[in-house]
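Asks: Build the 3D model from these lines:
(4 chains)
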There are 2 protein chains.
Amino acid sequence: MGKIAKDNGKAVSRLRTAGLRPTRQRVELASVLFKGHDRHVTAESLHEEVVSLGLKISLATVYNTLHQFTRAGLLRQVIVDAARGYFDTNTGDHQHFFLEEEGALIDIPGEDISVSGVPVPPAGLTVDRVDVVVRVKRA
Amino acid sequence: MGKIAKDNGKAVSRLRTAGLRPTRQRVELASVLFKGHDRHVTAESLHEEVVSLGLKISLATVYNTLHQFTRAGLLRQVIVDAARGYFDTNTGDHQHFFLEEEGALIDIPGEDISVSGVPVPPAGLTVDRVDVVVRVKRA
DNA sequence: TTCTTTCTTAGAACTATTCTAAACTGTTGA
DNA sequence: TCAACAGTTTAGAATAGTTCTAAGAAAGAA
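Replies: Predicted coordinates for the structure are as follows:
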C-alpha cells in the first residue's frame, strides 16, 4: 500500500464514477485537488505543487488531466484572461453571447440584461466592471 | 488629399479628443473600425482586413493601436477565451471576483448573485452557461 | 498471463502576443 | 519653413502558455 493511500480510496471511486481510469497520476492529482476546501489552480501551479510533494507527474499530464476532469464535470474552467483578444467598438453598457463553436460574439443590450446581488468586494477593492458572457451552443 | 480622406476627418478628431496623435496608421484603423455599425475584431482579423484594403500597417501596430484605443475608451476588450487556464474545484452554481492585479479568483456564491433578462439566444442555439466575472481593483 | 486499449511522457511545435532597437513621422516653435 | 525632439512604427526575435507527437508504460479484460 502506497504512502498516500488513505485519501486515494475516495479519489479512485470519484474517478471510476466519472468514467475515468484511475491511473496513478489521475489519482494523485484528484487527491490533491479534492482533499480540502474548494480551490482555483492553473496547470502550472498544480504541477509545481505535486512536484514539490515529491510526486512524478509531467506537465503535459497535468494539462490533459485538468481537461479530462473538466469534461467529466469534476472541475470547471473559469475564463478571465484573454488568449485571443476580441475588441468591441461598442463601449456602452452591454454584454455578450459567445458562440463557442464559431468563436463569434453577439451583443446583448445593457437594458435587457442585469446582474443583481453582486456582493461588496473584499476590503480595499472596488468593482471595475462586471462582465457577463452567455455561452451558447448548437441545440 | 488622400483617397480615403472623407472619413478621416471624423477619425482624426476622434483621435485628438482621445489624446492620441493622429498618425496615418491610427487614422486608417479608426476609419475602418468606426465607419459603420458596431463590430468585434481581433488583432489578426483587423490586420487582414486593412491589408486587403491595400493599407500598409504592421501586425504589431494593430496590436499596439487596439490596446491604445482600449485604454482611451474607444474600444472595449471582451474576454471569452482562456490564455491561462484557471480551474475551479467548485463546479456548483457560483460566480467569481477576479483581482486583476494579482490574478486571483474569489468565489461568489450562486445564491448571492443573479443574472436576469438574458434574451433568448439566436435560433438553433441554447444557453450552455452564463459566466459572470466581477473585475475588482485596488481602491 | 497476454492482449488491447488507454495513458503518460519528453521534447518539439504551435499560437497569439509582446518586445527590441532602429528608422520614421507628427508637432512645436523659432 | 524647417530643425529638433518626442512619440510612433516596424520586422523580426522572443516569450508564454498550451498542445502535439510518437513511443514506451500501465490498466483492465479474458
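Asks: Residue A:68 and residue A:20 touch, don't they?
Replies: Yes. Counting by Cβ atoms under 8 Å, residue A:20 is a contact partner of residue A:68 at 6.2 Å. Quick note: C-beta positions are derived from backbone N, CA and C, even for glycine.
Asks: what is in contact with those two at once?
Replies: Both residue A:68 and residue A:20 are contacted by residue A:26, under the criterion Cβ atoms under 8 Å, 6 or more residues apart in numbering or on different chains.
Asks: Put the alpha carbons of stretch A:125-136 into PDB.
Replies: Extracted in PDB, the C-alpha atoms of stretch A:125-136 (Å, rounded to 0.1, in the frame of the first residue of the first chain):
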ATOM      1  CA  LEU A 125     -11.000  46.700  -3.600                       C
ATOM      2  CA  THR A 126     -13.600  48.300  -5.800                       C
ATOM      3  CA  VAL A 127     -15.600  46.900  -8.700                       C
ATOM      4  CA  ASP A 128     -14.000  47.800 -12.000                       C
ATOM      5  CA  ARG A 129     -16.700  46.200 -14.200                       C
ATOM      6  CA  VAL A 130     -19.000  43.200 -14.400                       C
ATOM      7  CA  ASP A 131     -18.600  41.000 -17.400                       C
ATOM      8  CA  VAL A 132     -21.400  38.600 -18.400                       C
ATOM      9  CA  VAL A 133     -20.800  36.000 -21.100                       C
ATOM     10  CA  VAL A 134     -23.700  33.800 -22.100                       C
ATOM     11  CA  ARG A 135     -22.100  30.800 -23.700                       C
ATOM     12  CA  VAL A 136     -24.300  29.200 -26.400                       C
END
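Asks: tell me which residues of it are tucked away?
Replies: Neighbour counts over stretch A:125-136 (16 or more other Cβ atoms under 10 Å in any protein chain shown) mark A:125, A:130, A:131, A:132, A:133, A:134, A:135, A:136 as buried.
Asks: what does chain A put close to DNA strand D?
Replies: Within chain A, the residues that sit near DNA strand D (Cβ under 7 Å from any atom of the strand) are A:21, A:22, A:23, A:24, A:42, A:43, A:44, A:59, A:60, A:63, A:67.
Asks: near chain B too, which of the residues you listed?
Replies: A:42, A:43 (Cβ under 8 Å from any Cβ of the partner chain).
Asks: what's the longest strand in chain A?
Replies: Longest strand in chain A, counting residues (DSSP state E): strand A:125-138.
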